[in-house]
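Visitor: Mind looking at a prediction? Sequence and model below.
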Amino acid sequence: MKSRGAERPEEGFRPIHMPRNTGAGVILSAIAMVLGFAMIWYIWWLAALSAVGLLVVSIAHTFNYNRDYFIPADEVTRTEDARTRLLAAGGTA
Amino acid sequence: MSTTALIDDPKVNPTFYLAEKDHHDHGHEATGGGTILGFWIYLMSDALIFATLFATYGVLSTNFAGGPTPHEIFELPLVALNTAILLVSSITYGFAMIAMQEGRLGGVRLWLVATGLLGAAFVGIELYEFGNLIAEGATPQRSAFLSAFFTLVATHGLHVSFGILWIGVMLVQLAQRGLHVENQRRLMCLSMFWHFLDVVWIGVFTFVYLLGVLR
């Protein structure tokens, strides 16, 4: 990029679309691991329980509609300006 | 620095980031396209599962092991009824989508309920058919043909059952939030899922039941 003359943009920043934090993925994979363990060792009651758990957790997760947010443009500008000043002051990073 | 000038001649002065069009209106609209693409990828990988099961059935469909043949155990009138039910359920889902586009929440819920009931009838008849087969001794353990048959048809039936569960969840979420943008996107995904199952059933109906009885 540098050799082809990439320039660091210093203006014209837009809001950044971000996902909110959620534990759903980690929780689902943990239950899936229990399901796998139960299936391997023929622990049918645990397999059934974790299968139902997977369904319940994933359906419950769909009731969460508040999943994304925007980093406002002025915050992006502020962050980037701070970095611009840092670079101008001779920072290396 | 003029970004548009850079875009005009990427060879002379390439940009290293996506130059977005100005459509940021701080809503959730921007998230839709990715979900639909992801759902297509899911549907196509699901299609691969069915392709595998169809191939397995194709290989094993004449391995009767001295057991019953398709001609002896398949009841075409029942299967024809099931096919009709599933096809009509696709139409009723289509009506739900039309109602969604016109913003009629009541219509969406009514047609979703109709679709769900038709789906439940389909699964019910399929379970009745399976019950009859097992009562006659045509169990999955009887022959390779029956193993492949039960795996293929029950996988489809399980998909329909999950579709019915999804319709139920959708009805609750519609009651809570109405035709929210996210709900519209979910209805769109559910629509693709439901029609996809219909298409797979056409394959099952043709290759398992019709060809099975003809042979």
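Guide: Sure, I can see it.

Visitor: residue ranges for the strands of chain A, please.
Guide: A:16-19, A:68-71 (DSSP state E).

Visitor: How far does the first one sit from its chain's centre?
Guide: Put plainly, it is strand A:16-19. 9 Å (Cα atoms, centre = their mean, to the nearest Å).

Visitor: Now that strand - C-alpha only, PDB.
Guide: Taking Å, rounded to 0.1, in the frame of the first residue of the first chain, the C-alpha atoms of strand A:16-19 are listed here in PDB:
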ATOM      1  CA  ILE A  16     -19.100   3.200  11.900                       C
ATOM      2  CA  HIS A  17     -21.700   0.500  12.000                       C
ATOM      3  CA  MET A  18     -20.900  -1.900  14.900                       C
ATOM      4  CA  PRO A  19     -22.400  -5.100  16.300                       C
END
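
Visitor: got a markdown table for the strands of chain A, with mean neighbour count too?
Guide: Every C-beta, even on glycine, is put in place using the N, C-alpha and C of the backbone. Listed next are the strands of chain A as a markdown table, based on neighbours: other Cβ atoms under 10 Å in any protein chain shown:
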| stretch | mean neighbour count |
| --- | --- |
| strand A:16-19 | 12 |
| strand A:68-71 | 14 |
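
Visitor: With respect to B:D46, which of these lies nearest?
Guide: B:D46 sits nearest to strand A:16-19 of all the strands of chain A, at 25.0 Å, using Cβ to Cβ.

Visitor: Adjacent strands (with direction) for that closest one?
Guide: strand A:68-71 (antiparallel) (DSSP bridges).

Visitor: What is the longest helix of the chain by residue count?
Guide: Just so you know, I chose chain A. Identified as the longest helix of chain A according to DSSP state H is helix A:44-62.

Visitor: look at chain B instead
Guide: Assigned via DSSP H, chain B shows its longest helix as helix B:144-177.

Visitor: what angle separates it from helix A:44-62?
Guide: Relative orientation of helix B:144-177 and helix A:44-62, computed by axes from the mean of the first three to the mean of the last three Cα atoms, to 10 degrees: 40 degrees.

Visitor: what helices or strands is the strand or helix carrying B:T115 leaning on?
Guide: B:T115 belongs to helix B:105-135 when assigned by DSSP states H and E. Judged by 3 or more Cβ pairs under 8 Å, 6 or more residues apart in numbering or on different chains; DSSP states H and E, helix B:105-135 is in contact with helix B:76-101, helix B:144-177, helix B:181-203.

Visitor: Mean pLDDT, distance to B:L43 and mean neighbour count added to the ones you listed, as TSV?
Guide: Below are those laid out as TSV (pLDDT from 0 to 100; distance: least, Cβ to Cβ, whole Å; neighbours: other Cβ atoms under 10 Å in any protein chain shown):
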stretch	mean pLDDT	distance to B:L43	mean neighbour count
helix B:76-101	95	15	17
helix B:144-177	96	11	18
helix B:181-203	95	5	18
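
Visitor: As JSON lines, those helices with distance to A:Y69 would be great.
Guide: Below are the helices and strands packed on helix B:105-135 laid out as JSON lines (distance: least, Cβ to Cβ, whole Å):
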{"stretch": "helix B:76-101", "distance to A:Y69": "27"}
{"stretch": "helix B:144-177", "distance to A:Y69": "18"}
{"stretch": "helix B:181-203", "distance to A:Y69": "15"}
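
Visitor: A:R8 is nearest to which of those helices?
Guide: In terms of Cβ to Cβ, the element of those nearest to A:R8 is helix B:181-203, at 35.3 Å.

Visitor: who's in contact with the closest one?
Guide: For helix B:181-203, the surrounding residues in contact (Cβ atoms under 8 Å, 6 or more residues apart in numbering or on different chains) are A:62, A:65, B:27-29, B:32, B:35-36, B:39-40, B:43, B:46-47, B:50, B:54, B:83, B:86-87, B:89-90, B:93-94, B:96-97, B:100, B:108, B:115, B:119, B:156, B:159-160, B:163, B:166-167, B:170, B:173-174, B:177.
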